[in-house]
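Quick check, what structure comes out for this input:
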Amino acid sequence: MKKYVMLDSQALAGADFGVEKKILGEAGIECVIGECKTAAQMESLASDADAVGLCYVDMNGKLMDSLKKCKVLVRYGIGYDTINVPDATQRGIAVCNLPDYCQPDVATHAFAMILDCCRKITLQDRLMRGGRYETTYGYRIHRLSTLKMGFAGFGAIAKTLARYMKPYEMDMLAFDPYLPAEVFAQNAVRQVTFDELLAQADIVSIHSPYTPETHHLFNKDSFAKMKNGVIIVNTARGPIICLDDLAAALKSGKVAAAGLDTVEGEPNVPPDHPIFSCESAIFTPHCAFNSAEAELEQHQKVAKSVIEVLGGNLPYNCVNKKQLQKQQ
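Numbering: from 1, shown residues only. Below you'll find the predicted structure:
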């Protein structure tokens with residue numbers, strides 16, 4: 001019997017892994033749900049696994065070498081920067097992600113953070129809970145229709161968010177060097193360069209993948225090029241923003257407010273980091289993906305990806321599909 005092992009289920013506390021157990025079981029694949037926290041535990045549990053699932057495990061070549069039978073690695077999410085894809089390809093291991101399972105949910109979360117920052121909802125809530133009743137406290141706010149909305153990255157989630165925001169009659173602009181011009185026109189968004197995005201946008205919502213090129217894409221130099229009082233929302237990956245530089249920009253007022261579902265160093269950001277003393281920053285624990293519908297899709301798509309690869313096929317969500325096909 002073939003075997004599937006989910007390494008770090010503790011990263012998805014409360015998740016129902018019964019979904020993939022049922023689907024995989026019906027396909028004759030044993031499903032083991034682990035709570036591994038060390039490489040040694042992972043090696044012990046998954047050394048004989050044909051397929052491996054993971055959330056935040058640092059899946060590098062050394063660990064892959066201990067997974068002697070592994071044919072596929074499945075990341076429980078859209079991003080797959082926790083997996084060294086070239087190492088996997090070299091070993092003939094397929095890498096699958098879930099590129100389309102939570103697009104409406106992340107877009108909704110980003111929209112909620114934008115509205116929160118634009119209307120100072122959380123900031124005023126904190127004040128009132130502390131006994132302060134000050135209607136105009138803090139940074140100046142504006143009608144949405146007067147603001148320029150900027151997207152850093154314009155993939156499926158950003159396109160969904162743009163659709164949600166269209167009724168607010170905002171001028172929308174986007175930077176994405178990997179898309180043809182017609183994509184922007186089809187979505188009623190102006191295509192701009194990165195520097196133009198920085199100079200023009202009143203709100204920047206980040207939707208770029210995390211790559212070496214986007215590491216600290218937003219730092220003290222890029223903040224300096226932005227409008228005074230800009231609002232930044234990140235539902236992508238934490239290290240796209242230099243957290244130290246963002247904290248400094250918030251404290252100086254260069255950045256008026258920030259909505260952060262992801263932060264650099266998560267989930268182990270020191271509680272005394274200066275970012276947490278910035279009163280106009282709001283945080284959620286990388287939960288933008290979460291909904292009952294997305295959770296069901298997540299587990300279903302993981303199981304189906306495993307079945308496809310172990311059945312001899314490379315599914316649409318295999319990120320190294322072309323490279324593996326060249327090896328065949």
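
rest of the way, CA atoms for contacts and neighbours
OK.

residues touching residue 268, list them.
If you count contacts by Cα atoms under 8 Å, 6 or more residues apart in numbering, residue 268 has none.

what kind of secondary structure is it in?
coil (DSSP: H, G, I helix; E, B strand; the rest coil).

ok, now residue 290?
Applying three-state DSSP: residue 290 is coil.

Test my guess that it contacts residue 107.
No - with contacts counted by Cα atoms under 8 Å, residue 290 stays clear of residue 107, the gap being 11.2 Å.

Next, give phi and psi for the residue sitting nearest the centre point of the chain.
Nearest residue to the geometric centre of the chain (Cα atoms, centre = their mean): residue 236, 3.5 Å. Main-chain torsions, residue 236, degrees, to the nearest 10: phi -100, psi -100.

For it, which non-adjacent residue is spatially closest?
Take residue 236 and drop its neighbours on the chain: the residue closest to it by Cα to Cα, 6 or more residues apart in numbering is residue 207, 5.2 Å away.

ok, now residue 247?
Closest to residue 247 by Cα to Cα, 6+ apart is residue 275, at 4.7 Å.

cool, residue 185 as well?
Closest to residue 185 by Cα to Cα, 6+ apart is residue 191, at 8.0 Å.

Pairing-wise in the sheet, spell out the partners of the one you found.
residue 174 (DSSP bridges).

so it sits right up against residue 183, yeah?
No - counting by Cα under 8 Å, residue 191 does not reach residue 183; the two are 9.0 Å apart.

And these two? Which one has more around it.
A count of neighbours by other Cα atoms under 10 Å puts residue 191 above the other of residue 191 and residue 183, at 24 against 15.

show me the contacts for the more buried one.
Residue 191 sits next to 173-176, 181, 184-185 when contact means Cα under 8 Å, 6+ apart.

Which of these are buried? Put it as a PyMOL command.
Under the burial definition 16 or more other Cα atoms under 10 Å, those of those that qualify are selected in PyMOL by:
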select buried, resi 173+174+175+176+184
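
Serialize the contacts of residue 191 to CSV and add fields for pLDDT.
Formatted as CSV, the contacts of residue 191 follow (pLDDT from 0 to 100):
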residue, pLDDT
173, 98
174, 98
175, 98
176, 98
181, 96
184, 98
185, 96
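
need the contacts of residue 191 in TSV with distance to residue 149, can you?
Output for the contacts of residue 191, formatted as TSV (distance: Cα to Cα, whole Å):
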residue	distance to residue 149
173	6
174	8
175	11
176	14
181	18
184	14
185	15
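
quick check, nearest of the contacts of residue 191 to residue 310?
Nearest to residue 310 out of these is residue 176 (Cα to Cα; 35.0 Å).

residues near the nearest residue to residue 283 once chain neighbours are set aside, how many?
Sequence neighbours aside, residue 260 is the residue nearest to residue 283 in space, at 4.9 Å (criterion: Cα to Cα, 6+ apart). Residue 260 has 23 neighbours, counted by other Cα under 10 Å.

and residue 46, how far is that from residue 55?
According to Cα to Cα, to the nearest Å, residue 46 and residue 55 sit 15 Å apart.

okay, the two: which has more neighbours?
Set residue 46 next to residue 55 and count neighbours by other Cα under 10 Å: residue 46 wins out with 24 against 21.

got the contact list for that one?
Counting by Cα under 8 Å, 6+ apart, residue 46 touches 5, 7, 52, 67.

Kindly recompute the last result at 10 Å.
3-7, 32, 34, 52, 64, 66-70 (Cα atoms under 10 Å, 6 or more residues apart in numbering).
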